[in-house]
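*Asks:* Got a predicted structure here, sequence first:
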Amino acid sequence: MTNKLYFGDNLHVLREHIADQSVDLVYLDPPFNSNANYNILFKSPEGADSDAQIEAFEDTWHWNDSAEDAFDEVMRSGNSDAFELLRAMRAFLGDNDMMAYLAMMAVRLIELHRVLKPTGSLYLHCDPTASHYLKLLLDGVFGAKNYRNEIVWKRQSAHSDAKHKFSDVSDTILFYAKSPKVVFRPQFAQHDPDYVSKFYRFDDHDGRGPYRLGDAASPNPRPNMMYEWMGYSYPAKGWRYQRETMQRLHDEGRLHYPLRPDGSPDFSKRISLKRYLAEQDGSIVTNIWSDISPLHSQTAERLGYPTQKPLALLERIISASSGEGDVVLDPFCGCGTAVHAAQKLGRAWIGIDVTHLAIGLIEKRMKDAFPGLAFEVVGRPQDLQSALDLAARDKHQFELWALSVVEAQPWKGGRKGADGGIDGIIYFKPDGKRTERAIVEVKGGGVGVKDIGRLAQVMERERAPFGVFLTAQAPTRPMERDAAAVGVWENEYTGRKHPRLQILTLAELFAGKRPDIPWVDTSAASKSAKREETGKQGTLL
């Protein structure tokens, strides 16, 4: 299967592009507004503060016609268990934001259940705000008998919310199987240091490292194993091993013979087996995960995406519930950690997101981490006409897409609202050290000479050396004249001159033209993912 990124509503993508029983593992981390006050999601549509307070995600769900449609679709889905649960929740919660969230999630969970193979699994990542409701929905969609675990991931240390309650430091990951045929591989972590120091107390300093002593006695009576070995009598129920095996263990130095203080054999004690730490799998991973650190501001892996999860977290999930070549699906792929981990581990993958900001970030991340990797992007403008169609349908998403093409950082994270004439920022370092800014303005509709004048004023106000005007329409002669009148900027380190106010059309962007800015450094917009050294890179260009 070709690796694919889809831009669009995951419900539509699932229905139109993902076949029945074609996916081995689903991981989803839907927006659950973990940074908001717990009570915000329970406000009714009349609560005027609700929309203003919830800013973590542009696609936060509210009770509206779309939520009502989702509720009705669950009713018509044929899954009576899921609908009865949803109906009971609505009777309890009423028509508020939490209920909208649950209705929109229910219809998507039904589709995710459809695309999973009988051997497949689903991991839903959430926080305590909605985890109890989501678990009930999952029981309804997957069946309570297919519940496997509620995994608790300790995502941070205690912080300032502990004044009136115990500090919230964990997320919940709900693990469900499609059927009893589910694939699962137990995972192992490093042994606890205290455990190692307590039990692995012996070391022969032969290069094999520390070991502990294991019982060489048979747990059940075995008459054919009752023989003397090296002068040591057999245990009451016989040895655990046949003579040939005992000889091999002796030759390999894996048997511990009890000695007296003077170094002579102590035949009153038993022979033991040496169990080397280096040969053990490690501690079995339980449903409490405290050994995977969250991403902090200085973590090299961090890309600047607010809800980014560590690769190690996704690698554990993918390793446990899929095999090499299996298909991993993330329907809320955000900055792409799941698809990154899937590629790294040799899986095929499908990512879906409703924002161009996310899709653009994932494209860059995968190209940085896996140079030459081929993957298909579906639903994102690939030519001038599709870009114009997006501009006509969704001005905000068109803007985010255009900014991603020139690797600009969306102003104020791309949130809707007054922008002060700034749609995005391109950061650059003319001397490799000092950071400067280029102001980016995007226009998908009609343009005129006044737009150039306004951008020039914003450049002056922000003291920005450059301005970039991205336009769907060709500029007029007066626009080009006024842009040229803003002058040129000379890089004192290279002596090269660059136009200060640059106009680029969509047609030029598709032809490969980019802003003429010196020493472009996009690290402030989106950090580069570390290149992965792996032989499992799928189909290459």
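*Replies:* Looks like it came in fine.

*Asks:* For the protein, which residue occupies the most central location?
*Replies:* For the chain, the residue nearest the mean C-alpha position is residue 337 (3.1 Å; CA atoms, centre = their mean).

*Asks:* Provide the secondary structure category for residue 25.
*Replies:* strand (DSSP: H, G, I helix; E, B strand; the rest coil).

*Asks:* and what of residue 439?
*Replies:* strand.

*Asks:* Excluding residues flanking it in the chain, which one is nearest residue 408?
*Replies:* residue 424 (3.6 Å; CB to CB, 6 or more residues apart in numbering). For every residue, glycine as well, the C-beta is placed using N, CA and C.

*Asks:* where in this structure is pLDDT low?
*Replies:* 1, 32-61, 157-162, 297-298, 304-306, 413-419, 519-527, 533-541 (pLDDT under 70).

*Asks:* List the strands paired with the longest strand seen in it, with their directions.
*Replies:* For the chain, the longest strand by residue count, based on DSSP state E, is strand 116-126. Its sheet considered, strand 116-126 pairs with strand 23-28 (parallel), strand 170-177 (antiparallel) by DSSP bridges.

*Asks:* Name the next helix or strand downstream of it, please.
*Replies:* helix 131-142 (DSSP states H and E).

*Asks:* Run through the neighbouring helices and strands of that next one.
*Replies:* helix 80-93, helix 97-115, strand 116-126, strand 147-154, strand 170-177 (3 or more CB pairs under 8 Å, 6 or more residues apart in numbering; DSSP states H and E).

*Asks:* mind checking how far that helix is from the chain centre?
*Replies:* Helix 131-142 has its C-alpha centroid displaced from the chain centroid by 22 Å (CA atoms, centre = their mean, to the nearest Å).

*Asks:* Can you give me the buried ones in it?
*Replies:* For helix 131-142, a neighbour-count test (16 or more other CB atoms under 10 Å) marks 131, 133, 134, 135, 136, 137, 138, 139, 140, 141, 142 as buried.

*Asks:* Skipping adjacent residues, who's closest to the fifth one in space?
*Replies:* To tie it back to what came earlier, the one meant is residue 136. According to CB to CB, 6+ apart, the nearest residue to residue 136 is residue 85 (5.3 Å).

*Asks:* Adding mean neighbour count and distance to residue 274, write the helices and strands packed on helix 131-142 out as TSV.
*Replies:* Compiled in TSV, these are given as follows (neighbours: other CB atoms under 10 Å; distance: least, CB to CB, whole Å):
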stretch	mean neighbour count	distance to residue 274
helix 80-93	16	54
helix 97-115	23	48
strand 116-126	22	38
strand 147-154	16	35
strand 170-177	22	37
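
*Asks:* Nearest to residue 374 among those would be which one?
*Replies:* helix 97-115 (22.9 Å; CB to CB).

*Asks:* Between helix 131-142 and the closest one, find me the angle.
*Replies:* 30 degrees (axes from the mean of the first three to the mean of the last three CA atoms, to 10 degrees).

*Asks:* from the middle of its chain, how far away would the longest strand of the chain be?
*Replies:* In terms of CA atoms, centre = their mean, the centre of strand 116-126 is found 15 Å from the chain centre.

*Asks:* Show residues contacting it.
*Replies:* 21-30, 32, 109, 112-113, 134, 138, 142, 148, 151, 171-179, 181-184, 309, 317, 321-322 (CB atoms under 8 Å, 6 or more residues apart in numbering).

*Asks:* 6 Å - rerun?
*Replies:* Identification of contacts with strand 116-126 by CB atoms under 6 Å, 6 or more residues apart in numbering yields 21, 23-29, 32, 134, 172-179, 181-183, 317, 321.

*Asks:* still on that earlier bit, and the strands paired with strand 116-126 as TSV, adding distance to residue 375?
*Replies:* Shown next, in TSV, are the strands paired with strand 116-126 (distance: least, CB to CB, whole Å):
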stretch	distance to residue 375
strand 23-28	16
strand 170-177	26
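
*Asks:* closest one to residue 355 among those strands?
*Replies:* Of these, nearest to residue 355 by CB to CB is strand 23-28, at 15.6 Å.
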